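Student: coords please:
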Amino acid sequence: MQYRDSRQLRMAAARADFLEFGQRGAAGVPDVLAASWLRSQRAGVDITHPPTDFSDDIDTRSRLVRCAEPVLEQLGNDTVDLPLVIALTDSQARLVQRQDASSAVGRLLDRVDFAPGYNYAEGKKGTNGVGTVLEAGRAVSVVGPEHFTEELQAFACTGAPVIDPLTGRIEGILDISTLVDAWNPLVNTLVKSAAKDIGRNLLLDRNQAQQALFDTYMRTDARSARRAVFAIAETVFMANAAAQAMFDPIEQLAVREHAVFLMTRRDRVDEIMTLQSGRSVRIRGTRIVSGPGTAGLVVIAEVPAEQASNDPAPVRTTGFDERLLPPAGTVSAASERLISDLCRPHVPLSSGASPAWVRAVGELREALAAHAPTIVLGETGVGKFTLVAELFHADHPGGRDVSVDAAQLHASVEGDFDVLLSRARERTLCIVRNIDQASTEGVERIDALFASLGDTTAPVTFAATVSDSSLDSDLPFHSLLGHFEVAVTVPPLRCRTEDLSFVVSRVLEEIAPGRRVRLSPGALRTVAQYTWPRNISQLREALAHALRARPVGEIQSQDLPNYCLTRSRKSLTRIEVAERDAIIAALQDKDGNRVAAAAHLGMSRSSLYRKIRTYGITV
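Tutor: Purely as a prediction, here's the structure:
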């Protein structure tokens, strides 16, 4: 507290010197802050009453907002009753959303127009936790007198850029604001972590839409013999062989532009457009919808065989045939693999020596060989889907597999089960993933699949994965259990101590092929001590994190994520995670000296010891 007061006095004095003497008066001020003061001064920002800049055309239903909503909701839940306000801005520093954990702080921020629609660019409001982040391109905390304008000096604001991982562009700013006396340096870690979560959601949202677009395009092409099929999105344009033969490049561009126009309209299924050559083309499409926006369009284009000159205007029906994508969620490795697992080659993981694993592999191999409908149980991330597919293809090298995500089965999504079964000539594995996440409509679709299996002679092997914790629930999927003949439980990673070294080496081989990388004995002990609640998926995350710190050579314990250095089974809030990570970083920085770490963190030794026990820190 004394250090904080001393810093504020220094910053207040430095700001006064800067306003009087210019840039040389800011000696000793952090570079990012001094540069911001200088930009604010050159922009002519009024230090007492900066003008208000309000815009009513902000997009409150944008892709950024859609991807940020689950993260903001979780932040709101974790920070309830804390004296702070959470805000999201667009790439122009205009607030689009605000959540008040404290109504008192919210009322004070209302007085300085920190509300949706208002612009907090540095050139408008001076140095602050939104505009300065946008200018600096990194996370920034602006506390009290570090603000350029006087009206903001009662507040402490910490902001971090939300970056689209694919484009590298800053899509917005996540900001947490509080009063100066309530500010804590840990907020900086919290904001950066939450901004990364939103960035991962942006990537998931894009990948999910592109995967759905590609899947719909391939399915439509397979059904549309000798008809032109196009797939169109913001950065994607695909045309099948029939389309390229039927239309020259200029005509393809015309079809694309007209389809993009259609993407903004929701009341047309059929359109007839006239090309520059004079011939007419009928366009029918399937819209890929993600949240409130359209992610892409798959179009069938047909030239009518005959069209009289006096043809009446085409009859236009309403309601696009839409394929709805599920809303974005807080991104995890599991949700990313949901999109990419079928496209990514997996390093075999079926080998192992632990008794539980050997028994599960044997039971599953026997069930698949007998073509018995099998339900595979286990915790999240144990590799249920991977193991089923691997064992099936080991016995049927020329076979194929079809994956169905139960969570995405609903009335507006076509399952194509009959088509898949009718075309099955070689042995086919049909896997329904996460069957416990199926809605009532999804259960009906899966039930229909079983009916189709009973009516076909196609060589199809059926399996489904389920979280074993859901068996005690009353979810709709329970009505499907009567269709299965065999149940196999895949053991969690913590029950496979004998296999841990093998699993680690296989995962490293998968995510870093060809690299000379290994775990040190100390790092392997750290991995063995952790409980891995999300199993192999979380181990993959942890090793990927370590590889960013040490891309080759011997990975050390400190290269692993901080949570690996704990034994706590308690589910932590974001504030607690940030505090835990700060304590681990301080202990590592002070070589395990707890007295020095406590002094560095500004807390008493007894408080530090208590928190070490609470979080199960093993540093």
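
Student: what about Ala243, which SS state?
Tutor: Put simply, Ala243 is helix when judged by DSSP: H, G, I helix; E, B strand; the rest coil.

Student: That one: what's it in contact with?
Tutor: Ala228, Val229, Phe230, Gln252, Ala301 (CB atoms under 8 Å, 6 or more residues apart in numbering). To be clear about C-beta, it is placed using only N, CA and C from the backbone, and glycine gets the same treatment.

Student: And for the strand or helix carrying Leu19, what's in contact with it?
Tutor: Assigned by DSSP states H and E, Leu19 belongs to helix 2-21. By CB under 8 Å, 6+ apart, the residues outside helix 2-21 that reach it are 25-29, 33-34, 37, 41, 47, 143-146, 148, 180, 183, 602.

Student: filter those residues to the buried ones?
Tutor: Neighbour-count burial (16 or more other CB atoms under 10 Å) applied to these gives 25-26, 29, 33-34, 37, 41, 143-146, 148, 180, 183.

Student: what ranges do the strands span in the stretch 501-619 of the chain?
Tutor: 517-519, 553-555 (DSSP state E, counting those that start in this stretch).

Student: tell me the most buried of the ones you listed?
Tutor: Stretch with highest mean neighbour count among those: strand 517-519 (a mean of 19; mean count of other CB atoms under 10 Å).

Student: Would you mind listing the outside residues contacting that strand?
Tutor: Residues contacting strand 517-519 (CB under 8 Å, 6+ apart): Val504, Ser505, Leu508, Val527, Leu547, Arg550, Pro551, Val552, Gly553, Glu554, Ile555.

Student: rerun at 6 Å
Tutor: Strand 517-519 is contacted from outside by Val504, Leu508, Val552, Glu554, Ile555, using CB atoms under 6 Å, 6 or more residues apart in numbering.

Student: for stretch 179-197, same thing?
Tutor: Residues contacting stretch 179-197 (CB under 6 Å, 6+ apart): 71, 75, 83, 139, 141, 143-144, 156, 158, 160, 162, 174, 176, 330, 574, 578-579, 582.

Student: which one is Asn201 nearest to, not counting chain neighbours?
Tutor: Cys67 (3.7 Å; CB to CB, 6 or more residues apart in numbering).

Student: So that neighbour lies in a helix, does it not?
Tutor: Yes. Per three-state DSSP, Cys67 lies within a helix segment.

Student: Tell me how many other residues surround it.
Tutor: 30 (other CB atoms under 10 Å).

Student: Who are the contact partners of it?
Tutor: So Cys67 contacts Ile198, Asn201, Leu202, Asp205, Ala328 (CB under 6 Å, 6+ apart).

Student: Can you flag which of the residues you listed belong to helices?
Tutor: Ile198, Asn201, Leu202, Asp205 (DSSP state H).

Student: Specify which member of those is nearest to Ser351.
Tutor: Asn201 (35.2 Å; CB to CB).

Student: Next one: the closest one relative to Phe484, how far apart?
Tutor: As judged by CB to CB, to the nearest Å, Asn201 and Phe484 stand 34 Å apart.

Student: out of those two, which sits in the more crowded spot?
Tutor: Taking other CB under 10 Å, Asn201 and Phe484 do not tie; Asn201 has more neighbours (25 against 19).

Student: closest to Leu543 among the contacts of Cys67?
Tutor: Asn201 (22.7 Å).

Student: and Gly522, what does it touch?
Tutor: Ser557.

Student: quick one: pLDDT of it?
Tutor: On pLDDT, Gly522 comes in at 87.

Student: how far away is it from Leu560?
Tutor: Taken as CB to CB, the span from Gly522 to Leu560 is 10 Å.

Student: counting contacts, what elements does the helix or strand hosting Leu377 pack onto?
Tutor: Assessed by DSSP H and E, Leu377 sits inside strand 374-378. Where contact means 3 or more CB pairs under 6 Å, 6 or more residues apart in numbering; DSSP states H and E, strand 374-378 is packed against helix 384-395, strand 460-467, strand 486-489.

Student: run the last query once more with 8 Å
Tutor: Under the contact criterion of 3 or more CB pairs under 8 Å, 6 or more residues apart in numbering; DSSP states H and E, strand 374-378 touches helix 355-369, helix 384-395, strand 460-467, strand 486-489.

Student: buried stuff in that strand?
Tutor: Under 16+ other CB under 10 Å, the buried positions of strand 374-378 are Thr374, Ile375, Val376, Leu377, Gly378.
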